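**Q** From the sequence below, what's the structure:
(chains A and B)
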Amino acid sequence: MDYFAQQLINGLVLGSIYGLIAIGYTMVYGIVGMINFAHGDVFMIGGFIALITFLILVSLGLTAIPVILLVVLLVAMAITALYGWTIERIAYRPLRHSFRLAPMLSAIGMSFVLTNYSQVAQGARVKPIPPLVTGGYTLHESADGFVIQLSNIQIIVVVTTIVLLALFTWLVSRTRLGRDMRACEQDQTMAALLGVDVDRTISMTFVIGAALAAVAGLMYLLYYGLVDFFMGFVAGIKAFTAAVLGGIGSLPGAMLGGLAIGLIETFWSAYFSVEYKDVAAFSILIVVLIFMPTGLLGRPEVEKV
Amino acid sequence: MTAPSTNTAKPATGILALLKTAFVNALIALVLFSLMVGVRTEAGSDGQLTYWTRFGELASLVAAVFGGSIVIDLLRQWIGPTGTEKLIPPAVQSGMSFVGRYLAPALLIFTLLVPVIFYDQRYILDLAILVLTYVMLGWGLNVVVGLAGLLDLGYVAFYAVGAYSYALLATNFGWSFWVCLPLAGILAAFWGVLLGFPVLRLRGDYLAIVTLAFGEIIRLVIINWQELTGGPNGVSGIPRPSFFGIPLDNSDDGLAAKLGIEYSTTHRIIFLFYLILALALLTNWVTIRLRRLPIGRAWEALREDEVACRALGINTTTTKLTAFATGAMFGGFAGAFFATRQGFISPESFTFQESALVLAIVVLGGMGSQLGVALAALAMIGGFELFRSLETYRMLVFGMAMVLIMIWRPRGLIGHRAPTVYLTQAQAISSDLVKEGHG
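**A** Here you go, the predicted model:
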């Protein structure tokens, strides 16, 4: 039971990270109707920028952890958001009225560009950092000595995710930008006729998605203490699985799907086999798409002639 | 990465506006590259990360973006807005069609003569075998992507199934290549049906992701099922193919001894060359013949409009399944050939990159054009060889090329297809006129 509770905590933390990435997939799919294959690599870039900013801040002599975290978060979000914007401008916008598979293929190309760009720029080796946030709380200690730990990093990850999710829900449901986004999602031509700047709204979607991916990158860096140039691929597919599981196009669905994938992966590793955890995640993707293509909270898609 | 230079949607008019756009692009590039390029991190000997600055590289990249932005804008003004219909003079057009008609036979004759011309150049023969392997893979995937319009990102899975089928059957039971070759194809086709049956109801991009996941699952299973596949160590000691039972070695029953000629290792290479050429041509021939059968026409109809297909009474699931299985079978053949050529296979050869490379060949070739795919394979693999010295930059250039091809010529190099059904006379239609269906 204690082991189960500990895995539950670990799974929720991992799920929060997946959820943050999944939001980027789900938003872009909702508005543009394409799978942004490069999004996993944007997450990786976010992790790298967080790492580099952190190194610079530490070497400048900053010691206050909250200040460092805040600055790293803001810098990573800003620069990664610019990456998201640039990617959309270069690789997707010219293809908006091209044939169906063109943006997808362009996105695959962009994913290769980003992966190899960071390999060329930062080297192929894994980059570890010393644990930045240490300590934690012991929630429960059983008679046989098994301890349920809740580390401070886990608290930071979950709290940040909740705060961002709240902020983001407010943005989509209450602000002008959010209204524009929902309008574009329903009917781009009509939205344009009613004075919505479609190009700008789509750009902003990519910017927000990339910023959230950067947060996920930072959380990953804090939680696992390392980044490498190839981490975006698998994390990207898993986050996409999360988005599909939650119902693509639905924001709470993405978070829910992320948590589900995180939990499934953690429990699978804990009770079955670590080697096959990725196989489990990918199999879920296939099973969900076959039996429940609309996901948990998605709307059924009607194909019009 | 000079990519941000293509940021501007509208070409700037005045020289001032031009400079302003270039300046803005350079500024964006500065921010993008500031940390990723300007600062280099590396784990030191004690495991601690250290960093040093590279302002020189950063400055040159930003300058390149600035210059590139101006050049591209000028080019745009010079060529005029993209998307306008260009009038090709009839003389050029007839010349093009003349070249087009004789290019394929000429290329085939040249390919047949390659081992004669380059008999002493082992490197060129090896490269030619590699190119032909990708031509075959491209033609196999072309059935799925080009004809049936199903985006398959996990094609390498069938390649792996074929390779491992031959490797395991040959090393464990000692079966010969000629028995295993059809088996490898059948097994790959079987896996194609197994995967295809549940997922082919999905729409285009969902299907893409599912096939990608399937490819990864196959690779992960190969890595982890160590008792059967040897895991990351792979399978080694895979037997070389024989000339229909006669071994190609230096022994007394070898082919060289039987023919009474002096033995040379080049014989085997040349045999492998003609073997893959025959397999590739078989793929091509079957594809061309299938296109003329009702099933092939159903594939192409499916690519154009799935809903219309259903309305006409075509069973879309069966049609998609046959396309998937046919493509997978050719992938399996190519995999068996790969295993016998290499003599050693490991999961590293079957990564997503491989799938993307084959897909890029099909896309660059114009999705559906057989000649285009062959030329694209030649260009891609040849290009990879040219960039061999720049190992790390290779995939970077590959990714950029994929994005640029999509922007510049989304329909590939040879973007027109000859229709298989026509009323009075065959007329090549530009694929720009062919609408993509919702397959």
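**Q** use CA for all of it now, contacts and neighbours both
**A** Will do.
**Q** and A:Trp35, that one's in a helix?
**A** Quick fix: residue A:35 reads Ile, not Trp. No: counting by DSSP: H, G, I helix; E, B strand; the rest coil, A:Ile35 is not part of a helix but coil.
**Q** That one - nearest residue in space that isn't next to it in sequence?
**A** A:Tyr29 (5.9 Å; CA to CA, 6 or more residues apart in numbering or on different chains).
**Q** For that neighbour, give me the pLDDT.
**A** With respect to pLDDT, A:Tyr29 scores 88.
**Q** now check the helix or strand hosting B:Val307, is it near chain A?
**A** Per DSSP states H and E, B:Val307 falls inside helix B:306-311. Yes: shown here: helix B:306-311 in contact with chain A (CA under 8 Å from any CA of the partner chain) through B:Val307.
**Q** Check which helices and strands the next helix-or-strand element following that helix sits against.
**A** Sequence-wise, the next helix or strand downstream of helix B:306-311 (DSSP H and E) is helix B:316-342. If you count contacts as 3 or more CA pairs under 8 Å, 6 or more residues apart in numbering or on different chains; DSSP states H and E, helix B:316-342 packs onto helix B:122-142, helix B:155-173, helix B:177-199, helix B:266-292, helix B:294-304, helix B:306-311.
**Q** Report the buried residues of the lengthiest helix in chain A.
**A** Longest helix in chain A, counting residues (DSSP state H): helix A:2-32. Neighbour counts over helix A:2-32 (16 or more other CA atoms under 10 Å in any protein chain shown) mark A:6-32 as buried.
**Q** For the helix or strand just after that helix, buried residues please.
**A** Once the chain leaves helix A:2-32, the next helix or strand it forms, by DSSP H and E, is helix A:39-59. For helix A:39-59, the neighbour count (16+ other CA under 10 Å) marks A:39-57 as buried.
**Q** Just say helix, strand or coil for B:Leu151.
**A** Assignment for B:Leu151 (three-state DSSP): coil.
**Q** I'd like the distance between it and chain A.
**A** 8 Å (CA to the nearest CA, to the nearest Å).
**Q** Next, count neighbours for that residue.
**A** 25 (other CA atoms under 10 Å in any protein chain shown).
**Q** dump the residue contacts of it.
**A** A:Leu101, B:Val144, B:Val145, B:Gly204, B:Asp205, B:Leu207, B:Ala208 (CA atoms under 8 Å, 6 or more residues apart in numbering or on different chains).
**Q** out of those, who's nearest A:Ile237?
**A** B:Ala208 (11.7 Å; CA to CA).
**Q** And the pLDDT at the closest one?
**A** If you check B:Ala208, the pLDDT there is 83.
**Q** Can I take it that it is in a helix?
**A** Yes: when three-state DSSP is applied, B:Ala208 is found to be in a helix.
**Q** What's the local residue count around it?
**A** 20.
**Q** Low-confidence ranges, the chain, go.
**A** Since no chain was named, I'll use chain A. Scanning chain A for pLDDT under 70 picks out A:300-305.
**Q** could you do chain B instead?
**A** Across chain B (using pLDDT under 70), the flagged ranges come out as B:1-13, B:80-97, B:100, B:204, B:245, B:250, B:252, B:260, B:412-439.
**Q** In it, what residue comes closest to chain A?
**A** Among the residues of chain B, B:Gly399 lies closest to chain A, at 4.1 Å counting by CA to the nearest CA.
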